[in-house]
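> How does the following fold in three dimensions:
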Amino acid sequence: MTKKQEQQQKESPMMKTSEAEENAALKEHIHAQSLKVLQRLPAMGPVIMLYMQSSHRRYQFISDLEWLLLPPLVSGQCKLYMKKEYPISFISWAFLDEAAEKRLFQNGGKLRPEDWKCGDRLWIIDIVAPFGGVENMLADIQKNEFPDQVIRLIAPDLKTGGITARELPPYSSMQRNAAEGSGIDGQTEADVRKM
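Now for the predicted structure:
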């Protein structure tokens, strides 16, 4: 046996062990992800109920839930609003980098699952409010979830039929401006501006 063959024979079991360890780690990761999804399944029902009531979501395909609903549910990047025991609205957000932002607009608002937490730029991805209350939801998110962050959102562009970006200023800066007498005492439609 040559030295090269001896070396290959020595490396072979190690490579198999390493490969087996990688496979075991992958299986464990998949199992953990599956458990996260299963734990969040009870929240899917009320959100899907809202989707069915929403003119802009009712015709989504079930396969769209994989990129639109599962990532924010699993990662906790969403909020479901209830009135008593009834769902009334839903909002989800992502933290994007510049490359994911470009894909967001190129893909008509769609994200890959790995895009949802790839950066530090906060984007509202989905707002479902078939019974109204979008302004209240945005004010809640702005004030209680992300008071010091600029919030970006995609919105329909009525001129082109496509989508456009909008930006909400940080709630904390609006409060400072109000305290300084600039007259801004809360969120209005004027606070939502084009980027």
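> What count of nearby residues applies to residue 111?
Using other CB atoms under 10 Å, residue 111 has 21 other residues around it. Where you see a C-beta, it was placed from the backbone N, CA and C, and this is true even at glycine.
> Kindly confirm my reading that it is in a helix.
No: according to DSSP: H, G, I helix; E, B strand; the rest coil, residue 111 belongs to no helix; its state is coil.
> quick one: it from residue 167, how far?
According to CB to CB, to the nearest Å, residue 111 stands 18 Å off from residue 167.
> same check, this time on residue 48
Distance, residue 48 to residue 167, using CB to CB: 30 Å.
> Looking at those two, which is more packed in?
When residue 48 and residue 167 are compared for neighbours, residue 48 comes out ahead with 18 against 13, by other CB under 10 Å.
> Report the secondary structure state of residue 49.
helix.
> isn't it right up against residue 85?
No: look at residue 49 against residue 85 with CB atoms under 8 Å: they stay out of range, at 11.6 Å.
> Neighbour count: these two, which is higher?
Ranked by neighbour count (other CB under 10 Å), residue 49 and residue 85 place residue 49 first, with 15 against 6.
> Report the contact partners of that one.
By CB atoms under 8 Å, 6 or more residues apart in numbering, residue 49 lies in contact with residue 87.
> Residue 151 too?
93, 122-124, 138, 141-142, 167-168.
> and if we set it to 10 Å?
93, 121-124, 138, 141-142, 145, 166-171, 192 (CB atoms under 10 Å, 6 or more residues apart in numbering).
> Tell me the buried residues within these.
For these, a neighbour count by 16 or more other CB atoms under 10 Å gives the buried set as 93, 121-124, 138, 141-142, 168-169, 171, 192.
> Residue 138: which element?
Secondary structure assignment for residue 138, by DSSP states H and E: helix 134-140.
> Which strands or helices does that helix pack on?
Helix 134-140 is packed against strand 78-83, strand 86-96, strand 121-128, with contacts defined by 3 or more CB pairs under 10 Å, 6 or more residues apart in numbering; DSSP states H and E.
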